[in-house]
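> Could you work out the structure for the sequence below:
(one chain, ligands or ions: 2)
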Amino acid sequence: MPDPSDEPPVWATDRFHLCETVPNCKLFGGGAYTKNGFAYAFLYAASASPRDYLDGSVIIARAPGGMKPEAGSTEMSIAEDQSENFVTRGLRHTMKARTPVVLITKNNNKLMTAGMPHEYCVLGHYKPTHIWWEKHKPISGKSDPKDGLRYRLERLNPYEEKAWFQPKGTEEIFPPGWFDPPIVASCCSCRGTFQQKYLQGWICVNKDCRAYWKLPAPSGQLQPLDITSLIYDPRFLKQKTTWPEERSLFFPLEYRPMEVTEDTRGEDFYSRAGWNGLVCPNCRGCIMRMSFLGWDCETPGCNYQVRVPLDKPMSASAITDSGPAFPLTDGYTPSQDVVYSDTIRVCKQICDDNFRMARYNLPIPGPDCYVVHKISNATINKAPGGPNDMFKQLQCTDIGLRRRRIGSEKRKEPKYTRHLFVNVGYDYNFVASGSEKSVPFAKVKAEAVRDVRTRLNWSTAQLIARALGRPFEEVREWYKRQEFNECLILSYFQDQAIGFHDDGEPGLGPNIATISLGDTGIMLFRMKKTRYSGVSKAGIYDWEYPPIPGCFKYKERLAQHDTIVRNAPTKNKQEYWKEAAKKLGLNKYFETPPVVLKIMLRHGDEAVMLGALLQKYYDHSVSHVGRIRFALTCRYIDPTQPREDGKPKGIPEPDMRLYDGSQLPLPRDRFGNPIRSGWEWEADEDFNGYQEFEGYNEEELRQMAEDDEDEGEDDAGLDGGDDEDF
Ligand SMILES: O=C(O)CCC(=O)C(=O)O
Ligand SMILES: [Fe+2]
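Ligands and ions are numbered 1, 2, ... in the order given. Okay, here's the model as predicted:
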């Protein structure tokens, strides 16, 4: 294959790099990117169908969909009639609005006449000029021709430059406009006016017309068209379309890069624009913002990098609060949490050690499962080594925060977490594959961050002591056996979030504690889909877990669960479980379970989840409004449980430090007396047993469910929902 004449304007080694760098090109999944009714980008890859066409100025492509491969071949044929969908409609709107689309090619595109130098190359901007219906030879075995849609696109090329992908040393033989203009005629049946597209003759391309795709014969009779030997009319194919003032149209293939000047602050790079990909000025490859430190070109031999100023952090006073919040004072900060479900038992808040502590018991059988929200105040945040110091240190120190690949390293098309993270202490076997090791606590450069697990150990042992009504010192002793030995540090820039997931991996302790820094995190809880609906994706009855209040058909399931499980046969179990689910009418797997609890995590707040079953019954997600949020989450990882890949988990580092949050001066009343409330938790007076869901706000929940969908549910978990805008 000959080399192309020039280098592509932008290229990438994988989709992710491309999608984060080229504007309006979020082709994370399929072959077209549409948004708000417009089609913006198309990926033009492997499968070519008959009559597909490409040269330096024109592309004729078939609309995606309805295709199947021919038996024993990679050639695709139409198996079903296509119908106009949102992509076609989007392209039509784009065409009418005179807005170009970006075309990307993959290096397996069979129509390219020059070898592609990279996996993904941007061909350029194209003007959509025609969309029409055709009849297609159907897939072998089917007799009727099928209807399919075709697009003609013309390279936006106001300066008549040669296409970079034109084979080296060649010219386009017939540049656009070389031939006479296309023949235009109207259909005598439907009156539609169309250009003649094929040399065989003019045909009507209105699918609803009786003359559709038939050749008018001299006798006046309509003849069927032989679809196997069609040739494009060069007058149609190579016509030149001009758009008004297209010489003034300049469509950049990269976002406006953020400039680093003397005035630039670190926080400028937390905004959405601050973590877009860059096009390397040296090699034209796409560079994702993989690191807190900035951008590093990954092309071997190309050392281009952009560094973010780490010495000008965002101050704690610049943190944006989501919604109406109360200014922090030295008093106990009011809560902004919302309990949407009556199934949650809210305990009386305890105010002590400067924290307002709200406890939410979830309706799970067996030992108590609950979430505690510890709401911080100004005294805590400002104390040396406290949240304000941590916030600063996290921004100013290179602690290794990076985005990492998700799933197996071998996966052909890599995916990356959206947010950045680094693991400290024992290895946590989560979704990101990363070959990098966890950083020992002793080696973390930011001191306040190293101390975070000591703080959270104190907090969690305190909470357990309160829950048991036992003295702290006593609880602290046996708690030691399960104290946190791992800390996952996550940073979320603007629009980054963590989708619904649980923290119930095998080998994780029952307690998980997080400290939230920066902008307010919105932590949502909802039942896991299988628990809520009582049935797995595959239709199997959820036999391992008894139903809990708030789940779909709670009463019916509760009444029958034990019997169903008891009567399970030893053979053909799957069939039995499927039948059981069907009988109960459990058909809600694909419905989003309602959010039951919203916790507003402000700067310095802690969220503690207690009880292993909590992770089996509920998922949580966290998003934030604003530019930057850090979450430092500590877990206990059982050293005796093997890691999935058999590698060592790290070096055990018992928590030898001390932290005692009760040493800070307490809020005082106007007579100067310290204020604190009781030691033990009590249920709120008005809790009247578990009920079906009813107390939640429909509108708000729908909104949340929609927001959630935007995040792309497939790879929730630590992926943080990467498929933006899908
Ligand atoms: O961002 C957060 O606060 C939560 C992080 C989390 O859920 C996790 O690390 O598993
Ligand atoms: Fe989590």
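
> Run through the residues of this structure sitting next to ligand 1.
488, 490, 498, 503, 514, 516, 521, 620, 622, 631, 633 (C-beta under 6 Å from any ligand atom). To be clear about C-beta, it is placed using only N, CA and C from the backbone, and glycine gets the same treatment.

> and with 5 Å instead?
Taking C-beta under 5 Å from any ligand atom, the part of the chain that reaches ligand 1 is made up of 503, 514, 622, 631, 633.

> OK, now which residue of this structure is nearest to ligand 1?
Ala631 (3.2 Å; C-beta to the nearest ligand atom).

> what packs against the helix or strand hosting that residue?
Under DSSP states H and E, the secondary-structure element containing Ala631 is strand 628-637. The contact analysis (3 or more C-beta pairs under 8 Å, 6 or more residues apart in numbering; DSSP states H and E) places strand 628-637 against helix 387-396, helix 452-468, strand 486-493, strand 508-518.

> And these: which comes nearest Tyr198?
strand 486-493 (51.9 Å; C-beta to C-beta).

> Could you list every helix and strand in contact with the very next helix or strand once past the closest one?
As assigned by DSSP H and E, the chain's next helix or strand after strand 486-493 is strand 498-501. Using 3+ C-beta pairs under 8 Å, 6+ apart, the elements in contact with strand 498-501 are strand 618-624.

> could you pull out the helices for the stretch 101-250 of the chain?
234-237 (DSSP state H, counting those that start in this stretch).

> Not counting sequence-adjacent ones, nearest residue to the residue of the chain closest to ligand 1?
Nearest residue to Ala631, sequence neighbours excluded (C-beta to C-beta, 6 or more residues apart in numbering): Leu490, at 4.7 Å.

> number of nearby residues for that neighbour?
Counted with other C-beta atoms under 10 Å, residues neighbouring Leu490 total 22.

> Correct me if wrong: it contacts Arg418.
No - Leu490 lies out of contact with Arg418 (C-beta atoms under 8 Å); the separation is 10.4 Å.

> I'd like the mean pLDDT over stretch 376-387, please.
Here stretch 376-387 scores 96 as its mean pLDDT.

> Now the terminal residues of it, how far apart.
From its first residue to its last, stretch 376-387 covers 9 Å (C-alpha to C-alpha, to the nearest Å).

> Show me what that stretch is in contact with.
316, 328-333, 354-356, 388, 447-448, 451, 515, 517, 602-606, 661, 664-665, 667 (C-beta atoms under 8 Å, 6 or more residues apart in numbering).

> Would you mind measuring from Glu486 to Thr633?
9 Å (C-beta to C-beta, to the nearest Å).

> still on that earlier bit, among the residues of the chain next to ligand 1, find me the one that's closest to Leu54.
Nearest to Leu54 among those, with distances taken as C-beta to C-beta, is Val622, at 45.6 Å.

> residues contacting that closest one?
Per C-beta under 8 Å, 6+ apart, neighbours of Val622: 497-498, 521-524, 601, 631.

> Can I get those residues in CSV including distance to Leu558 and pLDDT?
Conversion of the contacts of Val622 to CSV gives the following (distance: C-beta to C-beta, whole Å; pLDDT from 0 to 100):
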residue, distance to Leu558, pLDDT
Ala497, 34, 94
Ile498, 32, 93
Gly521, 34, 95
Ile522, 32, 95
Met523, 29, 97
Leu524, 25, 97
Leu601, 33, 96
Ala631, 36, 97
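
> Mark out where each domain of the protein begins and ends.
11-170, 266-307, 335-526+593-719, 529-583 (automatic domain parsing).

> one step back: from the contacts of Val622, pick the one nearest Ala442.
Taking these together and measuring to Ala442 by C-beta to C-beta, the closest member is Ala631, at 22.0 Å.

> Do I have it right that that closest one meets Cys487?
No - applying C-beta under 8 Å, one finds Ala631 not in contact with Cys487, separated by 10.3 Å.

> State which strand of the chain is the longest.
strand 120-136 (DSSP state E).

> mind listing what's buried in the one helix or strand Leu91 maps to?
Assessed by DSSP H and E, Leu91 sits inside helix 86-96. For helix 86-96, burial by neighbour count (16 or more other C-beta atoms under 10 Å) applies to 87-88, 90-95.

> now swap in stretch 351-364 and tell me
Buried-residue list, stretch 351-364, by 16+ other C-beta under 10 Å: 351-364.

> re earlier: widest-spaced pair of the buried residues of helix 86-96?
The most distant members of the buried residues of helix 86-96, if one measures by C-beta to C-beta, are Val87 and Met95, lying 12.5 Å apart.

> can you tell me how far the residue of the chain positioned farthest from its centre sits from Lys135?
Going by C-alpha atoms, centre = their mean, the residue of the chain most distant from its centre is Ser219, 60.3 Å out. Distance of Ser219 to Lys135, given as C-beta to C-beta: 22 Å.

> if I pick the closest residue to Tyr120 other than its chain neighbours, what's in contact with it?
Nearest non-adjacent residue to Tyr120, counting by C-beta to C-beta, 6+ apart: Ala12, 4.5 Å away. Contacts for Ala12 (C-beta under 8 Å, 6+ apart) come out as 18, 21, 118-120, 285-286.

> got TSV for those residues, with distance to Arg657, neighbour count and pLDDT too?
Converted to TSV, the contacts of Ala12 look like this (distance: C-beta to C-beta, whole Å; neighbours: other C-beta atoms under 10 Å; pLDDT from 0 to 100):
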residue	distance to Arg657	neighbour count	pLDDT
Leu18	45	29	96
Thr21	43	24	96
His118	50	21	96
Glu119	48	17	95
Tyr120	49	24	96
Gly285	45	23	97
Cys286	43	29	97
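
> Leu488 - how many residues pack around it?
Neighbours of Leu488 using other C-beta under 10 Å come to 21.

> I'd like the distance between the closest residue to it other than its chain neighbours and Pro652.
Nearest residue to Leu488 in three dimensions, chain neighbours excluded: Thr633, at 4.8 Å (C-beta to C-beta, 6+ apart). Here the distance between Thr633 and Pro652 works out to 19 Å (C-beta to C-beta).

> Looking at those two, which one has more neighbours?
Thr633 (24 against 10).

> who's in contact with the more buried one?
With contacts defined as C-beta under 8 Å, 6+ apart, the neighbours of Thr633 are 487-488, 490, 503, 512-514.

> nearest to Trp458, of these?
Trp458 lies nearest to Ala513 out of the contacts of Thr633, by C-beta to C-beta, at 10.0 Å.

> pretty sure the closest one is touching Glu606, no?
Yes - between Ala513 and Glu606 there is a contact under C-beta under 8 Å: 6.2 Å.

> any residues in contact with both of the two?
456, 459.

> Give me the more crowded residue out of those two.
Using other C-beta under 10 Å as the criterion, Ala513 and Glu606 rank with Ala513 on top: 27 against 24.

> So in terms of bridging, what pairs with the more buried one?
Val608, Cys634 (DSSP bridges).

> what's the distance between it and Arg453?
Taking C-beta to C-beta, one finds Ala513 at 9 Å from Arg453.

> which residues are common contacts for those two?
In contact with both Ala513 and Arg453: 484, 634, using C-beta under 8 Å, 6+ apart.

> Tell me which of the helices and strands packed on strand 628-637 is the most buried.
strand 508-518 (a mean of 25; mean count of other C-beta atoms under 10 Å).

> picking up where we left off before, next step: the contacts of stretch 376-387 restricted to strands.
Per DSSP E, the subset of the contacts of stretch 376-387 in strands is 355-356, 515, 517, 606.

> can I get those in a markdown table with distance to Lys412 and pLDDT?
Shown next, in a markdown table, are these (distance: C-beta to C-beta, whole Å; pLDDT from 0 to 100):
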| residue | distance to Lys412 | pLDDT |
| --- | --- | --- |
| Phe355 | 48 | 97 |
| Arg356 | 50 | 96 |
| Ile515 | 38 | 98 |
| Leu517 | 37 | 97 |
| Glu606 | 41 | 98 |
